[in-house]
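Student: dropping the sequence and predicted coords here.
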Amino acid sequence: MFIRINAIALNTFREAIRHRILYLLLVFAVAMISFAQILSLLTVGSEEKIIKDFGLASIDVFGVLTAVFIGIGLVSREIERRTVYTLLAKPIHRFEFVLGKYTGLALTLLVNTCVMTAWFFLILLIKGMFDLRLVVAVLLLFFQFLLITALAVLFSCLSTPILASVMTLALYVIGHLLWSLDLLAKRLPTETGKVLCRVLYYLLPNLGNFDIKGEIVHGLAIAPGRILWATVYLLVYGCAILWTACAVFERKELQ
Amino acid sequence: MAASFVLRRRRQIMALGVIACLLGAIFVQGRIEGLKRGAAAHPLLYLPSGKYLKVMSLGFDGLLADLLYLWSIQYYGNYDIKDRYTYLERIYDQVITELDPHYLDPYLVGALIMTAEARNPEMALRLLDKAVRANPDQWLPAFEAGFLCYNDLHDYTRAASYFEMALRVPGVHPLVRRFYAEMYNRAGDKRTSLKEWLEIYQTSDDPYAHGIAWNHVHDLKVDVDLADLTGAVGRFRDREKRAPRRLQELLTSGLLPALPRDPEDRDYLYDSQTGVVRYGGGLVLGR
C-alpha cells in the first residue's frame, strides 16, 4: 500500500513542480520578503518587527495560495483529463490515489516552504535579527498548509476546481474567524444559539491554532503544550478530512 | 525591403502611441489628485476601528498594524495636512494599538506626536496608560509616561508614581531609579529623595551612576541638614527668646538628637548673632 501511495505522491510532486503557478507564487513570496527591507526604511524603530511580520505573512499567504490553487485541481484535473481511469485500472485502491495525491502536494508544500523560509532566514541572518523561535512559527504555518491541503483535496473530490477553490478559501477565512463564534456564544441570550455557536466552533477547522506569529515576533511566551496540541489537532482533524475525501472519492461515479 | 520599412514605421507609431497614452494617464492622475485635495470629507473618516480591522485581518493583525504604523509616520510627518491631528487618538489608540496591543513603537511615537506636535499631553498619557495595561512586562511605557509628566506637565508626584510603576518591572533600566529619586526632590520632598539617592549610591555597581548619585546625595544632605538645623534654631529661639550661642546648645536643650556634619565631615558654620546656619563648602550641582 505504502509503495503505491509513494509512487502516486512522487508523480504528483513531479507534476506540481512543473506547474507554472508554483513558481509565480514562489517568486512573489521571495519578492515580498525582500520588499520588507525597503519598507522597514520608512519606519521609526521596529525595523525588526516589520521584517519578521512581513516575512511570516508572506510565507503564510503564498503557502496557503499554493495549497489552494494546486490542491483544488489534484483530483478533478485527473478526472477531466481522464488519466484517472488509467491509474485506477491498475491494482490501486481509490483511497490510495487520494492519499498519494495529498502526500505529493504536502511534499511540494514542504519544498516551497523551505525555499521561502531559507530566503527569509538568510535576510534575518544578514541583518543579525535571526531568532530560533521563528522556526516554530514557520512549522505551525506548514501545519496550517497541510490542513488546508486536506480541505482542498476533499473539495477537489467533491466538485469543480472553481467551486473547490471558493470553498477552500471560504473555510480558510472561517478558520481564522472562529474566535468570533466563541465570543458570539458568550453574548447570545438564547441557549439554542449558544449551543449552535459552540457546535460550529468545535466542528469547523480552527486555523487560529496554528497562528503564533504575534507571540514569536514580540518574543512573548508560548503556553506550554501549545505546539504539541496544535500537532495533535492537525493529525486528528486532518485525518477526519482525508478520511471523508477518501470516502467521497470511493463513492464517486467515474464515467 | 519596403515591407520591413512599413513594419518598422508601424512599431514606431505604436511605441509613440504607448508613450502618449502613459503621459495622458499621468496628466489625468494629476487632475484626480487635485480633486482629492478639494474633497470635503476627511480621508480618515472611513478608517474602521481596530476591533473591526482585527476581524478582517484574518490573523494578519500584526502585519496590518505595521502597515498602518508606517502610513501614520508618513501622514503625521506631512506638514501640508493642516487638520492631521483631528483623528490622532483614533489612529493610535483605537486602530493601531487595538490591532497589535504588544507593538510598543506606536504607543511611544503616538505619545510623542500627541505631546510635541498636537500639544495634548493628557491624550498621550491615555495612550501610554493603555500601553502599560497591555504590556505589564515592559518598563518603557511607564517610564515614557513618567518622563512626560516630568518634562511637559512638571507634575513631579505623578511622574514619581509612573517611575515607581516602571521600577516594578524586572530588567528595568537603572536610569529609571535615578529619575524616581529625583522626582521627590523636584516635588519638594528632599528627605525621601535623599533616602532614594543614598540607596542608589550604596547599591550601584556602575561607577558613572555611583558618581551621579554621590553628587545628589551631597547636595541633598546639605539641604536636609540645613533645614533640620535652621528648624531647631527657630524652635530654640521660640522657647528661649534668643538664638543659641553655639549649635551644641540644640543638643543640650533636646531639640536635636545629634548634630549633623556636612558631607566633608565638618561642622556646619553658625553665626550666633543672626542665628543663620551655613554650609562651608560649595554645592556640587549648585541648585
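Tutor: Perfect, thanks for sending it.
Student: when you work out contacts or count neighbours from here on, use the C-alpha atoms and nothing else.
Tutor: Fine.
Student: show me what contacts the residue of the stretch 151-255 of chain A found nearest chain B?
Tutor: Relative to chain B, the nearest point of the stretch 151-255 of chain A is A:His176 (5.3 Å; Cα to the nearest Cα). Residues counted as contacts of A:His176 (Cα atoms under 8 Å, 6 or more residues apart in numbering or on different chains) are A:206-208, B:58-59.
Student: host element of it?
Tutor: helix A:161-187 (DSSP states H and E).
Student: pLDDT on the helix or strand just after that helix, on average?
Tutor: Of the helices and strands lying after helix A:161-187 in sequence (DSSP H and E), the nearest is helix A:191-203. Taken as a whole, helix A:191-203 has a mean pLDDT of 90.
Student: pLDDT score for B:Ser253?
Tutor: So B:Ser253 comes in at 88 (pLDDT).
Student: count of residues packed around it?
Tutor: Look at B:Ser253: counted by other Cα atoms under 10 Å in any protein chain shown, it has 13 neighbours.
Student: one more: A:Val68?
Tutor: Applying other Cα under 10 Å, we find 27 residues neighbouring A:Val68.
Student: surely it is within a helix?
Tutor: Yes: applying DSSP: H, G, I helix; E, B strand; the rest coil, one finds A:Val68 inside a helix.
Student: I figured it hits A:Ser165, correct?
Tutor: Yes: applying Cα atoms under 8 Å as the test, A:Val68 and A:Ser165 come out as touching, 6.2 Å apart.
Student: quick check: neighbours shared by those two?
Tutor: The contact sets of A:Val68 and A:Ser165 overlap at A:Ala152 (Cα under 8 Å, 6+ apart).
Student: distance of B:Lys190 relative to chain A?
Tutor: 38 Å (Cα to the nearest Cα, to the nearest Å).
Student: these two touch, right, that residue and B:Asp225?
Tutor: No: at 10.5 Å, B:Lys190 does not count as touching B:Asp225 under the criterion of Cα under 8 Å.
Student: any buried residues in the helix holding A:His176, and which?
Tutor: For helix A:161-187, burial by neighbour count (16 or more other Cα atoms under 10 Å in any protein chain shown) applies to A:161, A:164-165, A:167-169, A:171-178, A:181-182, A:185.
Student: can you tell me if the longest helix out of those in chain A touches chain B.
Tutor: When chain A is parsed with DSSP state H, its longest helix is helix A:94-127. No: shown here: helix A:94-127 not in contact with chain B (Cα under 8 Å from any Cα of the partner chain), separated by at least 15.6 Å.
Student: tell me who's in contact with the closest residue to A:Leu99 other than its chain neighbours.
Tutor: With Cα to Cα, 6 or more residues apart in numbering or on different chains as the criterion, A:Leu99 has its nearest non-adjacent residue at 6.5 Å, and that residue is A:Ile5. The contact partners of A:Ile5, by Cα under 8 Å, 6+ apart, come to A:96-97, A:99-100, A:103.
Student: give the buried residues for stretch B:61-72.
Tutor: Buried, per 16+ other Cα under 10 Å, within stretch B:61-72: B:61-70, B:72.
Student: and stretch B:247-257, by the same measure?
Tutor: For stretch B:247-257, the neighbour count (16+ other Cα under 10 Å) marks B:247, B:250, B:255-256 as buried.
Student: which one of those is nearest A:Leu25?
Tutor: B:Leu256 (83.6 Å; Cα to Cα).
Student: can you tell me which of the contacts of A:Ile5 lies nearest to chain B?
Tutor: Nearest member of the contacts of A:Ile5 to chain B, counting by Cα to the nearest Cα, is A:Thr103, at 26.5 Å.
Student: could you report the pLDDT at the nearest residue to that closest one once chain neighbours are set aside?
Tutor: Spatially, and ignoring its direct neighbours in sequence, A:Thr103 is nearest to A:Ala9 (5.3 Å; Cα to Cα, 6+ apart). For A:Ala9, the pLDDT comes out at 88.
Student: so B:Tyr270, which state does it fall into?
Tutor: At B:Tyr270 the chain is in strand, as set by three-state DSSP.
Student: residues contacting the closest residue to it other than its chain neighbours?
Tutor: Closest residue in space to B:Tyr270, ignoring its immediate chain neighbours: B:Val277 at 4.6 Å, by Cα to Cα, 6+ apart. Contacts for B:Val277 (Cα under 8 Å, 6+ apart) come out as B:226, B:229-230, B:268-271.
Student: again with A:Ile8
Tutor: Neighbour list for A:Ile8: A:97, A:100-101, A:104 [criterion: Cα under 8 Å, 6+ apart].
Student: how about whichever strand or helix holds it: buried residues?
Tutor: If you go by DSSP H and E, A:Ile8 is part of helix A:2-16. Across helix A:2-16, burial judged by 16+ other Cα under 10 Å covers A:4-10, A:12-13, A:16.
Student: what of stretch B:161-175?
Tutor: B:161-167, B:172.
Student: sheet partners, orientation included, of the strand or helix carrying the residue nearest to B:Tyr270?
Tutor: Assigned by DSSP H and E, B:Val277 falls within strand B:276-278. Next to strand B:276-278 in the sheet, as set by DSSP bridges, lie strand B:269-271 (antiparallel).
Student: now do the partner strand, average pLDDT.
Tutor: 91.
Student: identify each buried residue in it, please.
Tutor: So strand B:269-271, judged by 16+ other Cα under 10 Å, has buried residues B:Tyr270.
Student: same check, this time on stretch A:31-49
Tutor: Within stretch A:31-49, the residues that qualify as buried by neighbour count (16+ other Cα under 10 Å) are A:32-34, A:36-37, A:39-40, A:43, A:46-49.
Student: could you measure from A:Leu220 over to A:Leu134?
Tutor: 12 Å (Cα to Cα, to the nearest Å).
Student: looking at the two, which is more packed in?
Tutor: Neighbours per residue (other Cα under 10 Å) separate A:Leu220 from A:Leu134, with A:Leu134 holding more: 19 against 12.
Student: got the residues of chain A near chain B?
Tutor: A:42-46, A:50, A:53-54, A:57, A:173, A:176-177, A:208, A:211, A:214, A:218.
Student: among these, which ones are in strands?
Tutor: If you go by DSSP state E, the residues of chain A next to chain B have nothing in strands.
Student: with respect to B:Val109, which of those is nearest?
Tutor: Comparing those against B:Val109 with Cα to Cα places A:Val44 closest, at 7.9 Å.
Student: for that closest one, grab phi and psi.
Tutor: phi -110, psi 110 (degrees, to the nearest 10).
Student: contacts only, for it.
Tutor: B:73, B:105, B:109.
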